[in-house]
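**Q** quick one: sequence and predicted model below, then my questions.
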Amino acid sequence: MQFAITFRALLGLSLVVVVTGCATLWMSQEERLRQRVVGFWEALKVGDLVAMYDYEELSRDPEASLQKYVQSKGGVRYLGYEIKSIRLVNPKEAEVTLAVEFLFPPVIQKPVRSEIKDFWVRIGNTWYHTRRKPGKQKS
């Protein structure tokens, strides 16, 4: 009896893993990108620089380091964001338009709302935040 219950539980768990994995395979590049954009901006909103670094194209550079990345950040405090549009420029590059709300203490004490362009590159099957505009080669 114990074996039958364990086998059923294992079979059920295996099905969940397979279905979840297949769902990811069937996601469009835009859906994959949207998930990455949300993950990056949620980390940015709470100031989780370690999580943000994993979303950055820079994290793929062997000469880059988390320590340098953390030292380069600071100042702006993001309060919220809204994805306005996602445009796949080509299969490996995208431009995301966001409405953001931020503070820049001590200079700006009241929340500022602005629309910005955010750039992303696909490496393998994963999207990474980048500073370069689509069509610009990495230097």
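**A** Perfect, I can see it now.
**Q** phi, psi for residue 92 please.
**A** The phi/psi pair for residue 92 (degrees, to the nearest 10) reads phi -120, psi 0.
**Q** I figured it hits residue 121, correct?
**A** Yes: shown here, residue 92 and residue 121 form a contact pair, counting by C-beta atoms under 8 Å, at 6.1 Å. To be clear about C-beta, it is placed using only N, CA and C from the backbone, and glycine gets the same treatment.
**Q** more neighbours: the two, which one.
**A** For the pair residue 92 and residue 121, the greater number of neighbours falls to residue 121 (18 against 13), based on other C-beta atoms under 10 Å.
**Q** so who does that one touch?
**A** For residue 121, the contact set (C-beta atoms under 8 Å, 6 or more residues apart in numbering) comprises 57, 92, 93, 94, 127, 128, 130, 132.
**Q** hmm, which of the residues you listed are the buried ones?
**A** 57, 93, 94, 127, 128, 130 (16 or more other C-beta atoms under 10 Å).
**Q** could you point out which element follows the lowest-mean-pLDDT helix or strand in the chain?
**A** When the helices and strands of the chain are scored by mean pLDDT, DSSP states H and E, helix 2-26 comes last with a mean of 53. Toward the C-terminal end, the helix or strand that comes next after helix 2-26 (DSSP states H and E) is helix 29-46.
**Q** now that next one: mean pLDDT?
**A** Mean pLDDT, helix 29-46: 96.
**Q** what comes up buried for that helix?
**A** Counting neighbours by 16+ other C-beta under 10 Å, helix 29-46 gives 33, 34, 36, 37, 39, 40, 41, 43, 44, 45 as buried.
**Q** hey, C-alpha coordinates of that helix in PDB?
**A** Provided in PDB are the C-alpha atoms of helix 29-46 (Å, rounded to 0.1, in the frame of the first residue of the first chain):
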ATOM      1  CA  GLN A  29       9.400  35.200 -26.700                       C
ATOM      2  CA  GLU A  30       7.300  38.200 -25.700                       C
ATOM      3  CA  GLU A  31       5.800  36.300 -22.700                       C
ATOM      4  CA  ARG A  32       9.300  35.100 -21.700                       C
ATOM      5  CA  LEU A  33      10.500  38.700 -21.900                       C
ATOM      6  CA  ARG A  34       7.600  40.000 -20.000                       C
ATOM      7  CA  GLN A  35       8.400  37.600 -17.100                       C
ATOM      8  CA  ARG A  36      12.000  38.800 -17.100                       C
ATOM      9  CA  VAL A  37      11.000  42.500 -17.200                       C
ATOM     10  CA  VAL A  38       8.600  42.000 -14.200                       C
ATOM     11  CA  GLY A  39      11.300  40.100 -12.300                       C
ATOM     12  CA  PHE A  40      13.900  42.800 -12.900                       C
ATOM     13  CA  TRP A  41      11.600  45.700 -12.000                       C
ATOM     14  CA  GLU A  42      10.200  43.900  -8.900                       C
ATOM     15  CA  ALA A  43      13.800  43.500  -7.700                       C
ATOM     16  CA  LEU A  44      14.500  47.100  -8.600                       C
ATOM     17  CA  LYS A  45      11.500  48.300  -6.700                       C
ATOM     18  CA  VAL A  46      12.600  46.600  -3.500                       C
END
